[in-house]
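Colleague: Pasted the sequence and its predicted model underneath.
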Amino acid sequence: MNNVTIVLIKPQIPGNIGAIARVMGNFAFQNLVIIEPKCDPFDKEALDRAKHAKPILESAKVKDISCLKEFDLVIGTTAKLGNKYNIKRLFVTPKQLKEKLPKKGKVAILFGNEGEGLSNEEVSLCDFVVYIPTNPEYPTLNLSHSVSVILYELFDAKPIHELMDKKQKDFINKLISENLPLLGFTDKMKTENQKRTWNQILSKSSMSKREAFIIMGYFKKSLNALSKGSKFKQK
């Protein structure tokens, strides 16, 4: 899938990086970005583990975390489940993810390092996260194995309709943000929770372009009506 980039955050073991390049080759993924590596990602151990996927590793880009701004959709991976109050760690499974990838637009799938995974700060940069269900008595997978499971599920994914793009999603989020104060959301924390939750709902929705246009129309009309009518008081 040419629009999907695998992003490794602060990887520590060269062999894992090479093994990930090999897995990417197995499932026809070509784009690899390595952010702030804690080892040499191109040393002999990495190249040897990459096997016939050495070109994928050799063409990998080493960047800093700011590069995530280049992507239309950023998806994190986690072994830590969130509760109902930890919105950012509410998850989809790899099988569900397959149905949520857009045909177009740049997609990043983030994998944390071998020791700690993705931090809360890094998760906060993601639109939503993916969790691989495992044995709760031994839940954490090896980094390259996690990549394998997710890429296996995504291989040959073929969305049946053209999905909402980032421009449409951002516009819907803007309309929602403009509606919130008119609905009485004046508390900063509650307002941010609303914005964060709506963004995640939109990101995980697999919404088609046509559906996005309909949703835009709804929020435009509600914004217009609320602007002209009485405002609600938040309880």
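Modeller: Right, received. Where do you want to start? No experiment lies behind these values; they were computed from the predicted model shown. Numbering: from 1, shown residues only.
Colleague: When you work out contacts or count neighbours from here on, use the C-alpha atoms and nothing else.
Modeller: Noted.
Colleague: could you pull out the strands for this structure?
Modeller: Along the chain, counting by DSSP state E, strands occupy 4-9, 31-35, 61-63, 73-78, 91-92, 107-111, 128-131.
Colleague: quick one: buried residues of stretch 112-131?
Modeller: Burial within stretch 112-131, assessed by neighbour count using 16 or more other CA atoms under 10 Å, is assigned to 112-114, 117-118, 123-124, 126-131.
Colleague: so how far is residue 51 from the spatially most central residue of the chain?
Modeller: A centroid search over the chain (CA atoms, centre = their mean) returns residue 75, at 1.0 Å, as the residue closest to the centre. In this view, residue 75 and residue 51 are 27 Å apart by CA to CA, to the nearest Å.
Colleague: same question, residue 130
Modeller: Distance from residue 130 to residue 51, by CA to CA: 28 Å.
Colleague: Check the buried residues of stretch 112-131 against residue 98 and report the nearest one.
Modeller: residue 130 (10.7 Å; CA to CA).
Colleague: Show the contacting residues for the closest one.
Modeller: Listed by CA atoms under 8 Å, 6 or more residues apart in numbering, the contact set of residue 130 reads 75, 76, 77, 78, 91, 92, 93, 94, 97.
Colleague: so which pair among those is furthest apart in space?
Modeller: 78 and 97 (13.5 Å).
Colleague: Looking at these two, which is more packed in?
Modeller: Using other CA atoms under 10 Å, the more surrounded residue of residue 78 and residue 97 is residue 78, with 23 against 20.
Colleague: who's in contact with the more buried one?
Modeller: Contacts of residue 78 (CA under 8 Å, 6+ apart): 89, 111, 112, 117, 118, 129, 130, 131, 132.
Colleague: Can you give me the domain assignment for the chain?
Modeller: Following automatic domain parsing, one gets these domains for the chain: 4-154, 166-228.
Colleague: any idea which of those is most buried?
Modeller: Stretch with highest mean neighbour count among those: domain 4-154 (a mean of 18; mean count of other CA atoms under 10 Å).
Colleague: What mean pLDDT does that domain get?
Modeller: Domain 4-154 shows a mean pLDDT of 89.
Colleague: now, among the buried residues of stretch 112-131, which is nearest to residue 190?
Modeller: residue 124 (16.8 Å).
Colleague: what's the spacing between that closest one and residue 110?
Modeller: Residue 124 is 12 Å from residue 110, by CA to CA.
Colleague: Kindly indicate which of the contacts of residue 130 lies nearest residue 166.
Modeller: Using CA to CA, the contacts of residue 130 come closest to residue 166 at residue 75, 13.5 Å.
Colleague: Pairing-wise in the sheet, spell out the partners of the residue nearest to that closest one when sequence neighbours are not counted.
Modeller: Spatial nearest neighbour of residue 75, excluding adjacent residues (CA to CA, 6 or more residues apart in numbering): residue 109 at 4.8 Å. For residue 109, the beta-bridge partners are residue 6, residue 75 (DSSP bridges).
Colleague: what would the contacts of residue 130 look like in JSON lines with distance to residue 210?
Modeller: Shown next, in JSON lines, are these (distance: CA to CA, whole Å):
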{"residue": "75", "distance to residue 210": "23"}
{"residue": "76", "distance to residue 210": "27"}
{"residue": "77", "distance to residue 210": "29"}
{"residue": "78", "distance to residue 210": "32"}
{"residue": "91", "distance to residue 210": "25"}
{"residue": "92", "distance to residue 210": "24"}
{"residue": "93", "distance to residue 210": "26"}
{"residue": "94", "distance to residue 210": "25"}
{"residue": "97", "distance to residue 210": "21"}
